[in-house]
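A.B. asks: sharing a sequence plus its predicted fold:
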Amino acid sequence: MTKHFLSLALLTVLTATAQAQPVVRDGVLADAAGRTVYIFDKDTPGKSNCSGGCLTAWPAFVAKEGAAPAGDFTLIDSNGAKQWAVKGKPLYYFVGDTKPGDRNGEGSGGVWHTVGGAAKVSATTGSY
């Protein structure tokens, strides 16, 4: 019971507080709170191929109501919600990242990657 409550609490925090347009933090793409976001090699532009257990470990970076695409950032329809994407690639969190700036998902399974900062995307620069 406690494990399920904690999982639900973590998922609620991730989806409730991290829904603004991505920013560049310490050279990688992150949400406004500094949590790293990732891309999945098995996705295709404009389409998420992460579902079920994949979404449990890699929750979608969902946009808040009324969010608008800008520059390299777009919104895609994913699992009934609007998910942020960069250059068409859907963005995700990793549940193994427990604090802002963590990058524990980098290279996971050879298919999960952080997105390099200003060299690859034109995002708002921020700091922790």
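C.D. replies: Ah, there it is. Numbers count the residues shown, from 1 in each chain.
A.B. asks: what's the spacing between the residue nearest the centre of the chain and Val86?
C.D. replies: Central residue of the chain (CA atoms, centre = their mean): Tyr92, 2.9 Å from the mean position. For Tyr92, the distance to Val86 equals 11 Å [CB to CB, to the nearest Å]. For every residue, glycine as well, the C-beta is placed using N, CA and C.
A.B. asks: mind listing the strands for this structure?
C.D. replies: Per DSSP state E, the chain carries strands over the ranges 23-25, 28-30, 38-40, 73-78, 81-86, 89-90, 112-114, 124-125.
A.B. asks: distance to Pro100, mean pLDDT and mean neighbour count for these - can I get that in a markdown table?
C.D. replies: Shown next, in a markdown table, are those (distance: least, CB to CB, whole Å; pLDDT from 0 to 100; neighbours: other CB atoms under 10 Å):
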| stretch | distance to Pro100 | mean pLDDT | mean neighbour count |
| --- | --- | --- | --- |
| strand 23-25 | 8 | 87 | 21 |
| strand 28-30 | 7 | 94 | 25 |
| strand 38-40 | 15 | 96 | 21 |
| strand 73-78 | 20 | 89 | 19 |
| strand 81-86 | 17 | 92 | 21 |
| strand 89-90 | 21 | 95 | 25 |
| strand 112-114 | 14 | 96 | 18 |
| strand 124-125 | 15 | 42 | 12 |
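A.B. asks: now render these as CSV, adding distance to Cys54.
C.D. replies: What follows is the strands of the chain, written out as CSV (distance: least, CB to CB, whole Å):
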stretch, distance to Cys54
strand 23-25, 24
strand 28-30, 19
strand 38-40, 8
strand 73-78, 12
strand 81-86, 13
strand 89-90, 11
strand 112-114, 10
strand 124-125, 28
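A.B. asks: right, and the ones you listed - which one's nearest Gly66?
C.D. replies: With CB to CB as the measure, strand 81-86 is the member of the strands of the chain nearest Gly66 (9.8 Å).
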